[in-house]
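# sequence first, predicted model second:
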Amino acid sequence: MSIFVPNKVYLRGILLHYFIQKKSAAEAHRILVQTYGDNALSDTTCRDWFRRFKNNDFELEDKERSGAPKKFQDKELEQLLDEMKFTLRLFAILAIIGLGQTHQFPNFGTGPLHEDLQDILDLVPLEKIIDDVVYYVMYDNEIQEIFNDFHQSTPIIKRMLIDIQTIPEVLKLFIYLHNEGINIFHVINMINRAHDIKELVPSSSQTYFIPRKTGGLRELINEIKKHIDYDAFISIFADKLKTSTAFVNFINQLKSNNFQQIVNKISKIETFQLILNYLEVKSVSLKILGDIMYLVLGIKVPSLPSKTIIAELKDFIHLIPIEKFLSIIVQYVNEDEKVQKAALFTFTTEFHDLLRALEALKEYQAFVVYLEKAGLPVIESIQALHHAIGMEKYVPSKIKNLFMSLSKIQKIGDGMEGLLKDLYAVLPLEEIDALYIKKSKTSKTLTDFIAKITSKEMKEIIKNLTAHETYKLFITRTNEVGLDVEGSTNLSNRIIGLKPLY
């Protein structure tokens, strides 16, 4: 996991949060020292920034001095400043929300519908929620990792926002809200400005710091939910349906086919799906929101497209330069006497007897059943292997003659050791590792699979199997003829981003 290191802009954002909480500069400085030690801002610096905030200056970046613009000599410094943008966006949004005074939630329009929505939103204890969010960003490892992931992947959020705002039905809903007195374009453009997106324009038509336990994104959401009075929400919702024509018309908009199309089209946006997958990996389910939308509005939320583990693994296979890969295999089969000997051994009665004895073990059967439950079609693969090497009723014709006809002038080479080494050499390992990291954050299917094959139960199954004399005999004899079964398994694992597991 990446280590979260606070920069000065981030620390200024923390100061702004405590300023909004009406803490003193001294109190804020004490908390920073207790949390970040030598990395904390000095007491004098904290007081200087509190003076700025009191003068309504909430700009967290250093202001440029007059004269010629400064040119960065250090590219790393330039990159660091660029990476601060995500921090600035977070604290800018928190500052805007936190400075609301009359209402729990800041005003965002006028008119009957605005008043109805404002009454509902005022039930949200925003200050408590912001406290929880900032605390988790400061002290929770998983939230800091998520913070870093999204700050490194800000274009994903930016692209998603752009994609959503290009949906005609979304614009139609915005125009409806705008005409009903909701400053929807102001709210959206506030978000757009934070992400360097072109503005959307409507057409003319505590004193002592006491650490508390944190538990990642899922636990943060649970803590936020504790602040919500659901009975009050249901009650005011029902009252508005009974007494407010504007609110009823708004709900009818959300029940309309236009809104159903909005939900359908947003659900198809790749960046939206990526974020949902990311949340799913973090064990955060949004199913309840879909259930509520169906119960209250009759809107059906499309299920998130899911991939089988085989489909996920195929993405790794597609990274392999398959022509080079197969060319190496064919060359060794044609020209390396040791590889030919190992390959021909798999068609012999001796190998078939060794394999049958191995497959008859209850330890091997437990291994197969476990992998089948994990999503791998192992039994189908075993049957295909039997078919290919002439076991059981199927006996391929003239296998030995086929090998001889393909052979060129034979030579004594490095056998399977050389073959595996050459195959490793053409693997795009950086791309494979990058895809593995991405999928470990966005694919629940892959993370569940990896969790199963690296579990204590799996390790115990492997331990029992490899300790059996029948397995040892199988490995010893195949190694003697140059058939490196375990080496081939390690190559297969590396292709899908796995280092040696056991």
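That came through, no problem.

# from now on I want contacts and neighbour counts done on CA atoms only, so please keep to that.
Fine.

# now residue 336: phi and psi?
With angles defined as degrees, to the nearest 10, residue 336 sits at phi -100, psi 120.

# ignore the last one, residue 182
The phi/psi pair for residue 182 (degrees, to the nearest 10) is phi -90, psi 130.

# how close does residue 228 sit to residue 124?
6 Å (Cα to Cα, to the nearest Å).

# looking at the two, which one has more neighbours?
The neighbour count for residue 228 versus residue 124, taken as other Cα atoms under 10 Å, is higher for residue 124 (20 against 15).

# assign a three-state SS to the more buried one, would you?
Classification of residue 124 by DSSP: H, G, I helix; E, B strand; the rest coil places it in coil.

# give me the pLDDT for it.
Predicted confidence (pLDDT) for residue 124: 76.

# distance-wise, check it relative to residue 133.
Taken as Cα to Cα, the span from residue 124 to residue 133 is 14 Å.

# residue 194 too?
19 Å.

# for residue 416, give me the pLDDT.
87.

# actually residue 461, not the one I typed
pLDDT at residue 461 comes out at 93.

# any low-confidence regions in the stretch 351-500 of the chain?
Along the stretch 351-500 of the chain, the model assigns pLDDT under 70 to residues 392-413, 500.

# so which residues of it form helices?
362-373, 378-388, 399-406, 415-425, 429-442, 444-453, 456-466, 469-480, 485-495 (DSSP state H, counting those that start in this stretch).

# export stretch 156-163 to PDB, keeping only CA atoms.
Provided in PDB are the C-alpha atoms of stretch 156-163 (Å, rounded to 0.1, in the frame of the first residue of the first chain):
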ATOM      1  CA  ILE A 156     -11.300   9.000 -14.400                       C
ATOM      2  CA  ILE A 157     -13.600  11.100 -12.300                       C
ATOM      3  CA  LYS A 158     -13.300  14.000 -14.800                       C
ATOM      4  CA  ARG A 159     -14.100  11.800 -17.700                       C
ATOM      5  CA  MET A 160     -17.100  10.300 -15.900                       C
ATOM      6  CA  LEU A 161     -18.500  13.800 -15.100                       C
ATOM      7  CA  ILE A 162     -18.100  14.800 -18.700                       C
ATOM      8  CA  ASP A 163     -19.700  11.600 -19.900                       C
END
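
# which outside residues touch that stretch?
Stretch 156-163 has contacts (Cα atoms under 8 Å, 6 or more residues apart in numbering) with 150, 195, 197, 269, 270, 271, 272.

# can I get the residues you listed in a markdown table including distance to residue 256 and pLDDT?
Shown next, in a markdown table, are the contacts of stretch 156-163 (distance: Cα to Cα, whole Å; pLDDT from 0 to 100):
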| residue | distance to residue 256 | pLDDT |
| --- | --- | --- |
| 150 | 33 | 68 |
| 195 | 30 | 75 |
| 197 | 29 | 86 |
| 269 | 21 | 88 |
| 270 | 24 | 82 |
| 271 | 25 | 82 |
| 272 | 22 | 85 |
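
# can you select the buried ones from the residues you listed in PyMOL?
Selecting the buried subset of the contacts of stretch 156-163 in PyMOL, with 16 or more other Cα atoms under 10 Å as the burial test, is done by:
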select buried, resi 195+271+272
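
# can you redo the contacts of stretch 156-163 as JSON lines with secondary structure and distance to residue 142?
Output for the contacts of stretch 156-163, formatted as JSON lines (DSSP: H, G, I helix; E, B strand; the rest coil; distance: Cα to Cα, whole Å):
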{"residue": "150", "secondary structure": "helix", "distance to residue 142": "12"}
{"residue": "195", "secondary structure": "coil", "distance to residue 142": "24"}
{"residue": "197", "secondary structure": "coil", "distance to residue 142": "28"}
{"residue": "269", "secondary structure": "coil", "distance to residue 142": "26"}
{"residue": "270", "secondary structure": "helix", "distance to residue 142": "24"}
{"residue": "271", "secondary structure": "helix", "distance to residue 142": "21"}
{"residue": "272", "secondary structure": "helix", "distance to residue 142": "21"}
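
# and of the contacts of stretch 156-163, the nearest to residue 324?
Comparing these against residue 324 with Cα to Cα picks out residue 270 as the nearest, at 31.9 Å.

# where's the closest one relative to residue 195, distance?
Residue 270 is 19 Å from residue 195, by Cα to Cα.

# now swap in residue 27 and tell me
From residue 27 across to residue 195, the span is 32 Å (Cα to Cα).

# ok, now residue 487?
48 Å.

# ok, residue 310 - contacts?
Applying Cα under 8 Å, 6+ apart, the residues near residue 310 are 375, 376.

# give the buried residues for the helix or strand containing it.
Take DSSP states H and E as the rule and residue 310 turns out to sit in helix 309-317. For helix 309-317, the neighbour count (16+ other Cα under 10 Å) marks 309, 312, 313, 316 as buried.
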